[in-house]
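In: I would like the atomic coordinates for the input below:
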Amino acid sequence: VRQANRATEQMQRGVEEVADALGPSSRVGAGQAARDSIVDWIERRSADDLNTAYGAVDNLIAPTATVPLSRTGVAVRQLRNRDVISASQDGQAAIRLVQDAVSRPGMTYEGIKELRTRIGGRLSGDIDERGVSNRALQSLYGALTEDLRFAVNRSGVAKGKGGGRAALAAFDAANAQARTIFEQRAALTKIIGRQADAPGEAVADRLLSMAGARRGADIERVNLARSVMAPDAWDDMAGSVLRQMGQNKDGWSLARWRTEYEKLSDAGKTALFGSGKGSHRDALDVISKLGQHAEFLQRMGNPSQSGRFASLVAAPTWLIAEPISFLSTVMGGRMLAGVLARPITARAAADAAKAARALQRQPSSVGAHQAYVAAVKALAVSMGNDPAETEAKLLQRIPGPMPRRAQSTVTPPAPPQSRRQPYNAMIAQ
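Out: Sure, this is the predicted structure:
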């Protein structure tokens, strides 16, 4: 149990070092930075992208050419008719927004585009317009888009050299990008709030919850948030989330951390901590797998696990200790924490643990013993400094393969004299 506790402490340090490498902020601070970074994308960077897309259209049209707002005029008449048959005035506030435009003989591309932008601002909530029907606004926005497309074609033709087709192609591409950006903005409000006023802690909690989804819109939102946030802000947020995992009223728990970490979907882990060798996720995956060894030790040390006693007394002492607690004893806690926190060395430690498991199942196997020695050599090399010295320390207590008939020198204790004799007395023997 002491060895299991020591191994647990090292894994906690390993998780903390990964979290520190990602970012030092608290959940509140990191969540606020994440929210601010998302807001910056919505208000500035995505707007810049749209300006660039529509700027390509501007270069292909004659700026003074005008067209009548035919489709918008039709939409206005339909809204008036609906007001008449419903005996209401819901459409009138929306109609007033475009009344002057439809009464003119014509408007330029730039004028129609600006009018559509203002209608769109009321739809998105950027412009607060009380008493205006969203349904009416949507009708007008669609009609203005049709008139704007006609203006692009007419203005492109007026510029000559086949400009109508080129201008329409650029316009359609800009509209497609605009639809995507509007959808992304709406998705991000699920994280930061419709008014971008969600507390920092709530932002971090929402991202962690969404990262647990196996598929669907939540994972898409997590990946979207990562794509629009500044890299430092994202890493800081991921570090704060990692630092919070495993915490309970009594402090940090390895079992709780593993449960919360494994609840994350594969896509969620990749979004939060990266992927591939050398990533933060690689290190965390290794620590999670190695955590099984410590939990195994704790179960073995519990007298209530009497059904496992026979396997304990039949195994060599160094295998009962398990490789992680053994490494902790040989290298020291600080060094082992560093091993677990670095993806390359953590992976090598995991390979050593896997080889140790195989040797535990077949302690008389020459091949299993050689595989473990090779894994230890690889671990020593990955740690750098003086591999030979490290390897010697790691192997100094490892016995060679034993004959099948003499797998252990430990003599099992005699059976209990009474069924009432507790198993801890049996273990003490």
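In: pLDDT weak spots in the stretch 101-250 of the chain?
Out: When the per-residue scores of the stretch 101-250 of the chain are filtered using pLDDT under 70, the ranges that remain are 160-163.
In: how about the strands in it?
Out: Using DSSP state E, counting those that start in this stretch, the strands of the stretch 101-250 of the chain run over 107-108, 247-248.
In: Among these, show me which one is buried the most.
Out: Sort the strands of the stretch 101-250 of the chain by mean neighbour count, taking mean count of other C-beta atoms under 10 Å, and strand 107-108 sits at the top with a mean of 19. Yep, even glycine has a C-beta here, placed from its N, CA and C like the rest.
In: name the helices or strands packed onto that strand?
Out: Counting contacts by 3 or more C-beta pairs under 8 Å, 6 or more residues apart in numbering; DSSP states H and E, strand 107-108 is packed against strand 66-67, helix 134-159.
In: Throw the ones you listed into a markdown table and include mean neighbour count and distance to Arg347, thanks.
Out: What follows is the helices and strands packed on strand 107-108, written out as a markdown table (neighbours: other C-beta atoms under 10 Å; distance: least, C-beta to C-beta, whole Å):
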| stretch | mean neighbour count | distance to Arg347 |
| --- | --- | --- |
| strand 66-67 | 18 | 64 |
| helix 134-159 | 20 | 54 |
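In: Of all those, which one comes closest to Val241?
Out: For those, proximity to Val241 was assessed by C-beta to C-beta; helix 134-159 is nearest, at 35.9 Å.
In: Name the residues of the host helix or strand of Ser382 that are buried.
Out: Ser382 is part of helix 366-383 when elements are defined by DSSP states H and E. Of the residues in helix 366-383, those scored as buried under the neighbour-count criterion (16 or more other C-beta atoms under 10 Å) are 368-369, 371-373, 375-380, 382-383.
In: ok, so of these, who is nearest Gly276?
Out: Ser382 (16.8 Å).
In: Give me the distance between that closest one and Glu389.
Out: Distance, Ser382 to Glu389, by C-beta to C-beta, to the nearest Å: 14 Å.
In: Ser265 against Arg214, yeah?
Out: Yes. Judged on C-beta atoms under 8 Å, Ser265 makes contact with Arg214 at a distance of 4.8 Å.
In: ok, the two, which is more surrounded?
Out: Ser265 (18 against 10; other C-beta atoms under 10 Å).
In: how deep is Arg118 tucked in, by neighbour count?
Out: So Arg118, with other C-beta under 10 Å, has 14 neighbours.
In: before we move on, back to that, how about JSON lines for the strands of the stretch 101-250 of the chain, with distance to Leu97 added?
Out: Rendered in JSON lines, the data for the strands of the stretch 101-250 of the chain read as follows (distance: least, C-beta to C-beta, whole Å):
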{"stretch": "strand 107-108", "distance to Leu97": "14"}
{"stretch": "strand 247-248", "distance to Leu97": "52"}
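In: Which one of these lies nearest to Gln89?
Out: Closest of the strands of the stretch 101-250 of the chain to Gln89 is strand 107-108, at 26.4 Å (criterion: C-beta to C-beta).
In: Who does that closest one pair with, and is each partner parallel or antiparallel?
Out: Strand 107-108 has its sheet partners listed here by DSSP bridges as strand 66-67 (antiparallel).
In: so for the strand it pairs with, what's the average pLDDT?
Out: The predicted model assigns strand 66-67 a mean pLDDT of 94.
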